[in-house]
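Student: Let me see the structure of the following:
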Amino acid sequence: MTSRPTVLLTDYAWPDNAIEAELIEGAGFRFVVGPAKAAAADAITALSAEYQPAAIMTNWAPVSAAAIAATAHLRIVARLGVGLDNIAVEEATRRGIWVTNVPDYSVEEVSDHAVGMLLACARGLAHYDREVRAGRWEPAGAKLRRVRDLTCGIIGFGRSGRRTAEKLRGFGVRLLAHTRSPVADAGDVAMTTLDELLRRSDVVFVLVPLTNETRHLLDRERIALMKPGAFLVNVSRGAVVENQALIDALESGRLAGAGLDVLEGEPRVPPGLLRSNVILTPHIAFSSDASLRDVRRKASEDVIRALRGERPLQARNEPLPRS
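Tutor: Just a heads-up that it's a prediction; the model follows:
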């Protein structure tokens with residue numbers, strides 16, 4: 001390895017990379033940057049082979065097994081975000097390479113977005129804004145819900161799920177949650193099975209990472225279990241919900257509506273979701289001025305720790321000994 005190890009930033013979803021550059025170069029490392037928009041896997045592999053980085057930082061770009069194998073000096077792959085579905089974690093672990101993320105940077109933003117989606121769906125905010133702008137002032141036709149009367153089910157009870165529950169308490173709703181991990185103290189949140197949560201909830205919040213186990217977790221069979229007239233809010237990963245099954249449930253009228261920050265196959269939007277009872281935002285639930293500063297700083301600081309031979313604070317794996 002050269003005396004000045006290289007850190008490769010594959011892509012970034014903000015106006016510049018000044019925060020990352022200041023921290024990485026200030027620590028004495030070389031900093032190189034790929035295209036701002038996430039490139040395809042083979043392009044990232046080519047960048048890895050060209051720059052031989054000791055660290056790869058990625059936002060949305062795929063860091064494949066080939067990209068990891070393309071550099072002889074790699075010590076860490078750092079995700080500027082929470083989910084790890086764009087990183088070949090097993091390959092990194094096998095090769096003795098740390099994988100990190102920043103799991104707590106956007107808890108407030110994601111939970112705010114989830115609650116905002118609930119209010120927008122239940123109170124018709126987006127729909128009636130469009131109606132008024134189109135010249136239609138028809139309050140008598142409104143079919144709205146009293147939020148306090150709703151039962152809210154949260155799928156995933158990690159940081160964001162718990163914070164969402166805390167914020168929903170202020171509305172006086174009934175709270176259910178489902179998680180695969182044991183919960184020591186859920187307070188007034190009733191822990192239940194996934195199927196029972198779907199049957200009982202007026203609003204279902206999806207707050208789980210995308211893994212092999214959660215891909216299409218809400219498929220046609222599970223969506224059919226949902227309470228007639230329920231809302232679905234997804235602020236986690238698009239592929240947790242099967243697109244066509246959701247579209248069919250909306251078209252049939254079984255579901256009253258949906259609030260979606262993420263979509264399977266994004267950024268392509270299926271025409272069947274371009275409906276007046278569906279609120280769509282472009283995968284921004286994580287975003288605020290504060291959260292973006294935090295994720296960039298914390299990811300960079302863990303890269304610096306790893307390159308200095310220290311254990312990263314947010315390690316998501318236990319690398320095997322390097323040969």
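Student: Quickly find the element holding V233.
Tutor: strand 230-234 (DSSP states H and E).
Student: now the helices for the stretch 101-250 of the chain?
Tutor: Taking DSSP state H, counting those that start in this stretch, the helices of the stretch 101-250 of the chain run over residues 107-123, 125-133, 159-169, 194-200, 220-223, 243-252.
Student: buried set for the shortest one?
Tutor: Buried residues in helix 220-223, counting neighbours by 16 or more other CB atoms under 10 Å, are found at R222, I223. Heads up, the C-betas are built off the backbone N, CA and C, glycines and all.
Student: Quick one: residues in contact with that helix.
Tutor: For helix 220-223, contacts defined as CB atoms under 8 Å, 6 or more residues apart in numbering pick out 194-195, 198, 232, 241-242, 244-246, 248-249, 254-255.
Student: filter those residues to the buried ones?
Tutor: L194, L198, L232, V241, E242, A245, L246, D248, A249, L255.
Student: so who does the first one touch?
Tutor: So the one you mean is L194. I155, H178, L217, R222.
Student: R222 versus that one, what's the distance?
Tutor: 7 Å (CB to CB, to the nearest Å).
Student: cool, the last one as well?
Tutor: Distance, L255 to R222, using CB to CB: 12 Å.
Student: same question, the fourth one
Tutor: Distance of V241 to R222, given as CB to CB: 9 Å.
Student: residue contacts, the most centrally placed residue in the chain?
Tutor: Among the residues of the chain, the one closest to the centroid is S236, at 4.0 Å (CA atoms, centre = their mean). By CB under 8 Å, 6+ apart, the contact set of S236 is G156, S160, V206, L207, V208, P209, L210, V262.
Student: Narrow those to those that are buried.
Tutor: G156, S160, V206, L207, V208, P209, L210, V262.
Student: Residues in contact with the lengthiest helix in the chain: which ones?
Tutor: Taking DSSP state H as the assignment, the helix of the chain that covers the most residues is helix 289-307. Identification of contacts with helix 289-307 by CB under 8 Å, 6+ apart yields 5, 7, 14, 19-20, 23-24, 27, 29, 54-55, 57, 75-76, 78-81, 98, 100-102, 105-106, 108-109, 286, 311-314.
Student: Weed out the non-buried ones from these.
Tutor: Buried members of the contacts of helix 289-307, scored by 16+ other CB under 10 Å, are 5, 7, 14, 19-20, 23-24, 27, 29, 54-55, 57, 75-76, 78-81, 98, 100-102, 105-106, 108-109, 286, 312, 314.
Student: re the thing from before, now the residue nearest to the centre of the chain: how far from R322?
Tutor: From S236 to R322 the distance is 34 Å (CB to CB).
Student: residue ranges with poor pLDDT in the stretch 201-323 of the chain?
Tutor: Within the stretch 201-323 of the chain, the set of residues satisfying pLDDT under 70 comprises 323.
Student: Spit out the contact partners of the residue nearest to L320 when sequence neighbours are not counted.
Tutor: Nearest non-adjacent residue to L320, counting by CB to CB, 6 or more residues apart in numbering: G96, 5.4 Å away. By CB under 8 Å, 6+ apart, G96 lies in contact with P319, L320, P321, R322, S323.
Student: Run a quick check on the fourth one versus R95, I expect a contact.
Tutor: So that's R322. Yes: if you go by CB atoms under 8 Å, R322 and R95 touch, sitting 7.5 Å apart.
Student: Please say which of these two ends up with more neighbours.
Tutor: A count of neighbours by other CB atoms under 10 Å puts R95 above the other of R322 and R95, at 16 against 8.
Student: Excluding chain neighbours, what is closest to that one?
Tutor: Per CB to CB, 6+ apart, closest to R95 is I68, 6.3 Å.
Student: contacting residues for the spatially most distant residue from the centre of the chain?
Tutor: For the chain, the largest distance from the centre (CA atoms, centre = their mean) belongs to A140, which lies 38.0 Å off. By CB under 8 Å, 6+ apart, A140 lies in contact with nothing.
Student: Before I go, just wanted to say thanks for your time.
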